[in-house]
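Asks: can't give you the sequence, but here's the structure:
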């Protein structure tokens, strides 16, 4: 399925009544079949053997479907698909190939083909594929239109993705932006939690008021209260003048409390008071200053576990958790990686003034296979680095950072457990064997397990795992485990 850059906004587009079907190349056996059965059903059929003419026809029609022969030696159907992807042209593609040409079908699938058909081409198969594509376009057209306004958090920063998990995030944003309630955004570091918060604010009734951010884990504990609530002159050593806090700065607008799980317990009590009273008291002051602020909290931590550990207040949790939005990790939405990579390429080729226009198949495949412990932020840094080190118009695998190039996705080690083994013991064994597999690299192990690095530490402590339990025994290590050269530490 072709990738889409999702946007936010009002309204819904009607389903397309007439659809343009472009056949490439013209004169193929596909054209005769298509014309016989599609001409009455759809608005226009266009056939072309000229790549530029095909692209022009696709761009001129708001709703278009491309039927491309990817095995025809007289035309480069795969090349046309690559150029459409490079242009970020949203087109539904039905690819047709010879039955033996599995490589062409594989490449077409990687390039985003909605459906792939093999010869001999049956009329009902082609009609069914195009009907399905039209139905998807109807749904997508309404959704894209209703999410039309981009949510920016700065130059080049926007929410991008067409995976099911990202669609769910955008639907929740679209719902919550209309309701003036507190929100908790959850997700690993680098997933884009701040972008989601910015999207909610930008598309809410508070959009023209301040959007104020504060990272609760980046400010020393003794200064955090002053940052949040302000202070009066002489309140403490160094307080040479009165200063308003972030809540007062955000009056009538939105405040993002990033890494809320790192807030000390004594300040959690004061934050709860602010939520209840809708007023702040500066450090060293006595006056209750009214504030009208929407609170969005973000965290990568398990707050439920923090409540059990008595490091986060349960009453504050439920005050903040009116609505929860979970931002998926990049490894949970791998289908978005090519679109994100091309977006960052476009951004950084302008910033770095490099004439880099494309990402080669070898590089793209490597980029798609990596696990990204640092999520979208790590992918952005990867593309920026590759753009700098690329000396042609195409990024190839050798332009990627060495840790990415050398991770080739070796097969995982098999773990056997007896039926009836308690689930906690299964989890413990899985964590230990994964750490052995990664030669003790906890960051890499966390990425493979789909949990945070902190969770790996906590679970090892919970199971009272001795330090030597995860060490690799060279005599008993599975032959499938990678060497240190193959599995360079991230």
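Replies: Sure thing, it's come through. The shown structure was predicted, so the numbers you read here are calculated from the model rather than taken from an experiment.

Asks: Between the two ends of stretch 207-214, how far is it?
Replies: Stretch 207-214 has an end-to-end distance of 18 Å (criterion: C-alpha to C-alpha, to the nearest Å).

Asks: er, stretch 61-76 I mean
Replies: First-to-last residue span, stretch 61-76, C-alpha to C-alpha: 22 Å.

Asks: Counting neighbours, show which residues of it come out buried.
Replies: Buried residues in stretch 61-76, defined by neighbour count with 16 or more other C-beta atoms under 10 Å: 61, 63-72, 75-76. Bear in mind the C-beta positions are built from the backbone N, C-alpha and C, glycine included.

Asks: One more: stretch 416-436?
Replies: For stretch 416-436, a neighbour-count test (16+ other C-beta under 10 Å) marks 428, 430-436 as buried.

Asks: before we move on, what about stretch 213-232?
Replies: 213-216, 219, 224-232.

Asks: So which residues lie in contact with it, not counting its own?
Replies: Outside stretch 213-232, the residues within contact range by C-beta atoms under 8 Å, 6 or more residues apart in numbering are 194, 197, 235-236, 239, 242-248, 255-264, 267, 270-271, 274, 280-285.

Asks: what's the spacing between that stretch and its chain's center?
Replies: With C-alpha atoms, centre = their mean, to the nearest Å as the basis, stretch 213-232 stands 30 Å off its chain's centre.

Asks: May I have the distance across that stretch, first residue to last?
Replies: 22 Å.

Asks: In the stretch 151-300 of the chain, mark out all the strands, start to finish.
Replies: 183-186, 211-215, 254-258, 279-280, 289-290, 294-299 (DSSP state E, counting those that start in this stretch).

Asks: which helices and strands does the third one pack with?
Replies: Taking 3 or more C-beta pairs under 8 Å, 6 or more residues apart in numbering; DSSP states H and E as the contact definition, the neighbouring helices and strands of strand 254-258 are helix 193-202, strand 211-215, strand 294-299.

Asks: For residue 186, find the nearest of these.
Replies: strand 294-299 (6.1 Å; C-beta to C-beta).

Asks: who's in contact with residue 340?
Replies: 160-161, 330, 376, 379-380.

Asks: ugh, wrong one, I meant residue 296
Replies: 182-185, 197, 200-201, 254-257.

Asks: same thing but 6 Å
Replies: 183, 197, 256 (C-beta atoms under 6 Å, 6 or more residues apart in numbering).

Asks: Give me the number of neighbouring residues for the closest residue to residue 389 other than its chain neighbours.
Replies: Setting aside the residues directly before and after it, residue 389 is nearest to residue 399 in space (C-beta to C-beta, 6 or more residues apart in numbering), at 5.1 Å. The tally of other residues near residue 399 (other C-beta atoms under 10 Å) stands at 21.

Asks: domains of this protein?
Replies: 20-146, 164-326, 331-405, 413-490 (automatic domain parsing).

Asks: Same list, those, but as JSON lines with mean pLDDT please.
Replies: Formatted as JSON lines, those follow (pLDDT from 0 to 100):
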{"stretch": "domain 20-146", "mean pLDDT": "77"}
{"stretch": "domain 164-326", "mean pLDDT": "90"}
{"stretch": "domain 331-405", "mean pLDDT": "86"}
{"stretch": "domain 413-490", "mean pLDDT": "66"}
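
Asks: Run through the residues that contact the most centrally placed residue in the chain.
Replies: Closest to where the C-alpha atoms of the chain average out (C-alpha atoms, centre = their mean) is residue 330, at 5.0 Å. By C-beta under 6 Å, 6+ apart, the contact list for residue 330 reads 372, 375-376.

Asks: Also residue 209?
Replies: Neighbouring residues of residue 209 by C-beta under 6 Å, 6+ apart: 252-253.

Asks: How much space separates it from residue 396?
Replies: Counting by C-beta to C-beta, to the nearest Å, the gap from residue 209 to residue 396 is 47 Å.

Asks: now residue 236
Replies: Taking C-beta to C-beta, one finds residue 236 at 57 Å from residue 396.

Asks: In terms of neighbours, single out the busier of these two.
Replies: Ranked by neighbour count (other C-beta under 10 Å), residue 236 and residue 396 place residue 396 first, with 17 against 12.

Asks: picking up where we left off before, among the contacts of stretch 213-232, which ones are buried?
Replies: Buried members of the contacts of stretch 213-232, scored by 16+ other C-beta under 10 Å, are 194, 197, 235, 243, 245-248, 255-263, 270-271, 274, 280-283, 285.

Asks: thinking again about what came up before, is it true that the residue nearest to residue 389 touches residue 392?
Replies: No. Using C-beta atoms under 6 Å, residue 399 is not in contact with residue 392; the gap is 8.7 Å.

Asks: where along the stretch 351-490 of the chain do the helices fall?
Replies: With helices called from DSSP state H, counting those that start in this stretch, the stretch 351-490 of the chain shows them at 361-369, 375-389, 402-405, 423-437, 442-449, 453-462.

Asks: what comes up buried for the third one?
Replies: Burial within helix 402-405, assessed by neighbour count using 16+ other C-beta under 10 Å, is assigned to 404-405.

Asks: Next: the first one.
Replies: The neighbour-count criterion (16+ other C-beta under 10 Å) identifies 361-364, 366-367 as the buried residues of helix 361-369.

Asks: which one among the residues you listed gets closest to residue 454?
Replies: Closest approach to residue 454 among those (C-beta to C-beta): residue 367, at 26.2 Å.

Asks: need the contact list for that closest one.
Replies: Listed by C-beta under 6 Å, 6+ apart, the contact set of residue 367 reads residue 341.

Asks: ok, it to residue 350 distance?
Replies: Going from residue 367 to residue 350 by C-beta to C-beta gives 20 Å.

Asks: go on, residue 227?
Replies: 35 Å.

Asks: Over to residue 289?
Replies: Relative to residue 350, and taking C-beta to C-beta, residue 289 is found at 44 Å.

Asks: Can you list the residue ranges for helices in the stretch 101-250 of the chain?
Replies: 102-110, 123-146, 164-176, 193-202, 221-229, 246-249.
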